[in-house]
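> curious how this folds, go ahead:
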Amino acid sequence: MGKAAIIASMNETSQAISTLNAKIAKLTEIKGSLESFPTTVNYVLINDENIKSNYNIAGAKYSKDTSFEQDLLKNIKRDFDTKIDNVSEKVSNKIHELESQKFGLENKMNLLLNQLLTTKEK
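I've put the predicted structure just below:
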């Protein structure tokens, strides 16, 4: 392989590394957004005493409803957290895959550089 072909291959490899770096950066940003996404859904009515004082309604039914609604919101948060964890894990796996590809290309670049330095052709 002549120097021109080696340089062309190095340029192509460098471009591929840049593309992978951009993809890795984007996925890292996505992963950060996922991990910082708030999953808590606030219960605005607070509790059955708050309902009693603010809305002038009370009784066992409202106490049960309050407990049910609070449990429902806890379950929703748990489900959100699970979904986010699953997606975050998939994004992490993709990042690792791309980093492995990048490592291979960086090794190729080093081999090409060594080949360029040892090639006698001008």
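> biggest helix in the chain by residues?
Counting residues, the longest helix found in the chain (DSSP state H) is helix 60-118.
> now for that one, which elements pack on it?
Other helices and strands packing on helix 60-118, by 3 or more Cβ pairs under 8 Å, 6 or more residues apart in numbering; DSSP states H and E, are helix 3-36, helix 48-55. No exception for glycine: its C-beta is placed from N, CA and C like everyone else's.
> quick one: which of those is nearest Leu111?
With Cβ to Cβ as the criterion, Leu111 lies closest to helix 3-36 of these, at 9.6 Å.
> how close does Leu34 sit to Asn47?
Noted for Leu34: a distance of 32 Å to Asn47, by Cβ to Cβ, to the nearest Å.
> now the angle from the helix or strand bottoming out on mean pLDDT in the chain to helix 60-118?
Least confident element among the helices and strands of the chain, by mean pLDDT, DSSP states H and E: helix 48-55 (a mean of 74). With axes from the mean of the first three to the mean of the last three Cα atoms, to 10 degrees as the basis, helix 48-55 and helix 60-118 are set at 110 degrees to each other.
> got the buried residues for helix 48-55?
Judged by neighbour count using 16 or more other Cβ atoms under 10 Å, the buried positions of helix 48-55 are 48, 51.
> can you tell me what sits against that helix?
Residues outside helix 48-55 that contact it (Cβ atoms under 8 Å, 6 or more residues apart in numbering): 45, 57-58, 62-63, 65-66.
> if we use 7 Å, what do you get?
The contact list for helix 48-55 (Cβ atoms under 7 Å, 6 or more residues apart in numbering) reads 45, 57-58, 62-63, 66.
> next one: stretch 25-36
Applying Cβ under 7 Å, 6+ apart, the external contacts of stretch 25-36 come out as 84, 87-88, 91-92, 94-95.
> now the buried members of these.
Neighbour counting with 16+ other Cβ under 10 Å marks 84, 88, 91, 95 as buried within those.
> find the residue at the geometric middle of the chain.
With distances taken as Cα atoms, centre = their mean, the chain has Lys31 as the residue nearest its mean C-alpha position (1.9 Å).
> Asn86 versus that one, what's the distance?
Counting by Cβ to Cβ, the separation of Lys31 from Asn86 is 12 Å.
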